[in-house]
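>>> Here is my input, please return the structure:
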Amino acid sequence: MGHLHHAAYGWLTPALSYVMACIGAALGLRCTVRALGLRCTVRALAATGSTRRNWLLTAASAIGTGIWTMHFVAMLGFEVTGTDIRYDVPLTILSLLVAVLVVGAGVFAVGYGKGRGRALVLGGLTTGLGVASMHYLGMAALRLHGTVSYRPLTVALSMAIAVVAATAALWAALHIKSPLAVVVASLVMGAAVSSMHYTGMFAVAVRVTPSDVALPGATAMQFIFPLAVGLGSYLFLTSAFVALSPTADERAASASARHLGESAVGAR
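As a prediction, this is how the structure comes out:
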């Protein structure tokens with residue numbers, strides 16, 4: 001059996017992956033709060049349905065990207081003694097698409113669902129199982145000299161953590177409004193996502209078969225690192241955009257002030 005290193009660079013990759021998970025969670029929550037806020041203010045603001053849809057799409061891409069980036073930044077520190085590691089590029093990209101799509105399904109279920117309790121359960125289950133699927137699809141992209149196996153009970157535990165974390169994230173999107181509460185919730189969600197990842201990694205066992213044959217695929221530094229940097233940049237830039245965008249309350253206040261101003265001019 002090959003010896004597995006989950007943090008070959010010390011605390012660097014676990015800490016950085018946790019930060020990426022938190023940023024994705026915080027950005028996703030803020031976007032979802034903006035989208036749900038339009039429910040109450042859509043008439044007053046004359047907002048179109050596309051506005052809420054766009055906020056939810058941004059939330060899905062932010063959370064999904066954050067989860068995926070967390071996983072593969074953590075994988076930069078994953079090593080197995082006795083073999084090199086490569087990544088199948090199409091499968092790795094597919095895992096990113098799965099992450100965004102399943103998070104989108106959960107976010108839209110909450111954003112448009114009429115029965116919040118049922119939407120929360122359905123969205124949490126769908127998103128959680130989808131996040132777990134993303135994790136194990138990403139693991140299926142590994143190419144090494146040997147065979148990878150999993151401990152079933154630990155896999156089940158990681159999937160349960162994913163479902164609980166996803167449900168908690170969607171609940172937070174429904175109930176949390178203030179920026180401080182979003183920060184606290186994102187820190188908790190980041191910890192939950194990281195816990196799911198490392199629980200899933202502890203389920204892994206590798207039986208190394210020494211070989212001189214070149215492995216197919218790309219190394220982590222050739223593919224994973226540049227892609228993670230690009231997605232991380234996307235999260236930071238989108239965070240800046242969201243921070244500078246007015247909230248629904250701010251738009252309502254602006255619309256009200258404009259209306260009062262027009263009324264005052266008409267009275268003259």
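>>> any idea how far Phe193 is from Gln222?
Just so we're on the same page, residue 193 is Val rather than Phe. Applying C-beta to C-beta, to the nearest Å, the value for Val193 to Gln222 is 25 Å. Just so you know, the C-beta spots here come from the backbone N, C-alpha and C atoms, and that holds for glycine as well.
>>> oh sorry, the question was meant for Gly64
Gly64 is 23 Å from Gln222, by C-beta to C-beta.
>>> In what element of secondary structure is the closest residue to Ala141 other than its chain neighbours found?
Among residues not flanking Ala141 along the chain, Leu91 sits closest, at 3.8 Å (C-beta to C-beta, 6 or more residues apart in numbering). In this assignment (DSSP states H and E), Leu91 forms part of helix 89-112.
>>> before we move on, the earlier item: the more surrounded of Gly64 and Gln222?
A direct count of neighbours by other C-beta atoms under 10 Å for Gly64 and Gln222 places Gly64 higher, at 28 against 13.
>>> on that earlier part again, any buried residues in the helix or strand that the helix holding Leu91 is followed by, and which?
Going down the chain from helix 89-112, the next helix or strand is helix 116-140, by DSSP H and E. By neighbour count on 16 or more other C-beta atoms under 10 Å, the buried set for helix 116-140 is 119-120, 122-128, 130-139.
>>> what helices or strands is helix 116-140 leaning on?
Contacts defined by 3 or more C-beta pairs under 8 Å, 6 or more residues apart in numbering; DSSP states H and E place helix 116-140 against helix 49-75, helix 89-112, helix 152-175, helix 179-202.
>>> what distance separates it from the middle of the whole chain?
11 Å (C-alpha atoms, centre = their mean, to the nearest Å).
>>> now do stretch 183-193
That offset, for stretch 183-193, works out to 11 Å (C-alpha atoms, centre = their mean).
>>> what's the distance between the longest helix along the chain and the middle of its chain?
If you go by DSSP state H, the chain has its longest helix at helix 12-45. Computed by C-alpha atoms, centre = their mean, the chain-centroid distance of helix 12-45 equals 10 Å.
>>> looking only at pLDDT, what's the mean for the helix holding Leu91?
For helix 89-112, the mean per-residue pLDDT is 87.
>>> so is Arg207 in a helix, a strand, or just coil?
Here Arg207 is strand, with the state taken from DSSP: H, G, I helix; E, B strand; the rest coil.
>>> Need the per-residue pLDDT for it.
Arg207 is given a pLDDT of 92.
>>> Go ahead and confirm it touches Gly146.
Yes. Arg207 is in contact with Gly146 according to C-beta atoms under 8 Å; the separation is 5.2 Å.
>>> In terms of neighbours, single out the busier of these two.
Each of Arg207 and Gly146 has its neighbours counted (other C-beta under 10 Å); Gly146 has more, 16 against 10.
>>> Just give me the neighbour total for the nearest residue to the more buried one once chain neighbours are set aside.
Excluding its sequence neighbours, the residue lying closest to Gly146 (C-beta to C-beta, 6+ apart) is Val208, at 4.1 Å. Other residues near Val208 number 16, with proximity taken as other C-beta under 10 Å.
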